[in-house]
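Undergrad: coordinates only, sequence not included:
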């Protein structure tokens with residue numbers, strides 16, 4: 001609006017000048033009408049650019065301008081934009097700091113940051129040249145805006161936080177520049193000139209949390225990935241605007257520290273366990289740099305058979321998996337259960353850093369208990385004591401539960417509702433992990449109706465990597481959840497491949 005006002009104002013000055021010039025003759029000729037019309041058209045066109053040119057015949061005509069104290073992720077966003085432009089045109093875009101004299105040599109200036117972090121963006125907002133509506137963007141949205149000023153054209157790639165600056169850059173590259181992001185690599189067009197329609201848009205994600213991958217991904221297909229592979233996976237997640245990393249290795253090192261707290265030393269750590277812990281640290285630190293939320297791994301009760309034999313005074317929940325393996329778990333009612341849960345939170349944070357999203361679920365793919373009543377009681381005890389222990393250890397913590405455990409036959413609608421009612425607080429998040437094929441939201445009373453939940457897509461089982469599935473049905477199911485009033489607490493989307 002301000003640009004249009006400026007355009008109209010400048011056109012009005014020209015019109016008044018011509019009218020005064022012709023008043024002596026008392027008439028306005030057709031030629032002068034045409035002059036006025038041409039001035040209006042040309043001036044409005046100049047104030048509202050139809051195109052943004054970044055590279056002209058392999059020569060950069062745009063520059064990326066960052067604040068002098070730009071954050072790591074703002075600089076990373078600038079580097080990504082420059083590198084992709086290099087891949088497209090063979091010419092990278094220069095990156096300079098605000099105030100650099102060389103910036104004025106370029107017709108287009110690309111500003112990455114927020115009004116709070118970047119003085120030039122703040123100035124444009126304050127002058128009314130552009131509106132960055134934080135309410136419209138929400139906590140995780142972004143704006144891509146073109147602004148024409150007397151000193152040149154500005155392209156704003158702005159978000160409300162670090163990762164949303166990255167979303168703005170990646171979205172601009174995808175929507176305007178034709179770059180495609182795929183799990184097996186990016187597809188980049190080739191051209192000598194990069195000229196795109198001037199963007200003017202604000203984007204806001206519907207789902208607050210967007211998570212990947214599945215814990216089984218590591219076991220089934222990624223067990224030998226190193227730091228570089230996992231960093232590329234997180235880069236891809238960011239390009240697809242995911243904001244929660246379900247990457248939870250290194251639990252053995254944490255539990256070794258926990259048992260030492262209780263004077264109980266577990267088996268000596270293997271080299272593999274130490275390697276996984278170092279991988280978790282490095283990849284987790286990178287995910288934090290990308291401003292992603294990380295999931296921490298809670299202890300869920302499991303102990304070794306040797307531990308159970310050495311401590312017979314403790315009550316255990318014994319679970320059978322597929323008739324081929326037996327697991328021993330300290331009973332949730334045991335005082336030690338809550339203490340170990342609390343210790344696992346503290347030690348995870350000591351080793352891997354702070355988080356407030358904690359993963360654990362009750363006895364998945366098993367049904368412990370000798371009778372239906374015993375099975376039911378174990379479930380209620382787990383809900384009550386696990387949620388209470390987490391609340392003590394991390395008052396801001398949220399218990400994340402993969403809803404896979406709810407697929408079991410003994411998880412009837414009544415048991416599900418009673419289980420969620422037994423939680424001592426509503427800070428829990430459940431993933432309906434197989435929602436595109438076998439959803440459980442309705443069966444569970446929408447997970448108790450009190451907490452947030454996520455729509456999950458379990459698009460691969462085991463080592464099945466072939467293309468399959470019904471995309472139209474998937475879209476229909478997601479659209480139904482979005483429009484269903486009873487699904488109003490579905491605030492997340494989970495890409496949940498097992499491989």
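TA: Thanks, I have the structure now. Note that the structure is a prediction, hence the values are computed from the model and not measured.

Undergrad: residue boundaries of the helices in the stretch 201-350 of the chain?
TA: Chain-ordered helices for the stretch 201-350 of the chain, with DSSP state H, counting those that start in this stretch as the definition, fall at 215-221, 227-239, 251-261, 271-289, 305-310, 335-352.

Undergrad: Looking at the ones you listed, which is nearest to residue 145?
TA: Taking Cβ to Cβ as the criterion, helix 227-239 is the member of the helices of the stretch 201-350 of the chain that comes nearest to residue 145, at 21.0 Å. Where C-beta positions appear, they are placed from N, C-alpha and C, glycine not excepted.

Undergrad: Quick check: buried residues in that closest one?
TA: 230-231, 233-239 (16 or more other Cβ atoms under 10 Å).

Undergrad: That helix vs helix 271-289, what angle?
TA: With axes from the mean of the first three to the mean of the last three Cα atoms, to 10 degrees defining the directions, helix 227-239 sits at 30 degrees from helix 271-289.

Undergrad: who touches helix 227-239?
TA: Helix 227-239 is touched from outside by 163, 166-167, 170, 174, 181, 183, 186, 212-213, 222, 225, 245, 247, 279, 282-283, 286-287, 290, 292, with contacts defined as Cβ atoms under 8 Å, 6 or more residues apart in numbering.

Undergrad: before we move on, what about stretch 454-474?
TA: Outside of stretch 454-474, the residues that reach it under the criterion Cβ under 8 Å, 6+ apart are 207, 209, 211, 214, 220-221, 403, 429-437, 477-478, 481, 490-499.

Undergrad: just for the stretch 151-300 of the chain, where's the confidence low?
TA: Residues of the stretch 151-300 of the chain that meet the criterion pLDDT under 70 lie in 266.

Undergrad: ok, which stretches of the stretch 101-250 of the chain are strands?
TA: Under the criterion DSSP state E, counting those that start in this stretch, the stretch 101-250 of the chain carries strands at the ranges 108-112, 142-149, 152-159, 180-182, 185-187, 194-197, 200-203, 209-212, 244-245.

Undergrad: among the contacts of stretch 454-474, which ones are buried?
TA: Of the members of those, the ones counted as buried by neighbours, 16+ other Cβ under 10 Å, are 207, 209, 211, 214, 220-221, 403, 429-436, 477-478, 481, 490-499.

Undergrad: Same list, the strands of the stretch 101-250 of the chain, but as TSV with distance to residue 310 please.
TA: Below are the strands of the stretch 101-250 of the chain laid out as TSV (distance: least, Cβ to Cβ, whole Å):
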stretch	distance to residue 310
strand 108-112	58
strand 142-149	55
strand 152-159	54
strand 180-182	51
strand 185-187	51
strand 194-197	68
strand 200-203	57
strand 209-212	38
strand 244-245	37
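
Undergrad: which stretch among those comes nearest residue 378?
TA: Among the strands of the stretch 101-250 of the chain, if distance is taken as Cβ to Cβ, the winner is strand 209-212, at 27.9 Å.

Undergrad: For that closest one, which helices and strands make contact with it?
TA: In this structure, strand 209-212 packs against strand 244-245, strand 452-457, strand 490-495, with contacts taken as 3 or more Cβ pairs under 8 Å, 6 or more residues apart in numbering; DSSP states H and E.

Undergrad: Using a markdown table, please lay out these together with distance to residue 390.
TA: As requested, those are arranged in a markdown table below (distance: least, Cβ to Cβ, whole Å):
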| stretch | distance to residue 390 |
| --- | --- |
| strand 244-245 | 18 |
| strand 452-457 | 16 |
| strand 490-495 | 19 |
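
Undergrad: residue closest to the middle of the chain?
TA: With the centre of the chain defined as its mean C-alpha position, the nearest residue by Cα atoms, centre = their mean is residue 243, 1.3 Å away.

Undergrad: Roughly how far does that residue sit from residue 211?
TA: Applying Cβ to Cβ, to the nearest Å, one obtains 8 Å for the distance of residue 243 from residue 211.

Undergrad: Which pLDDT value goes with residue 3?
TA: pLDDT, the model's per-residue confidence, is 32 for residue 3.

Undergrad: correction: residue 101
TA: We have a pLDDT of 87 for residue 101.

Undergrad: That one and residue 122: what is the separation?
TA: If you measure residue 101 against residue 122 using Cβ to Cβ, the figure is 21 Å.

Undergrad: Next: residue 455.
TA: Applying Cβ to Cβ to residue 455 and residue 122 gives a distance of 38 Å.

Undergrad: before we move on, what about residue 135?
TA: Distance from residue 135 to residue 122, counting by Cβ to Cβ: 18 Å.

Undergrad: With residue 158 instead?
TA: Residue 158 sits 10 Å away from residue 122, going by Cβ to Cβ.

Undergrad: Please identify which of those two sits among more neighbours.
TA: Here residue 158 and residue 122 are compared on neighbour count by other Cβ atoms under 10 Å; more neighbours surround residue 158, at 26 against 16.
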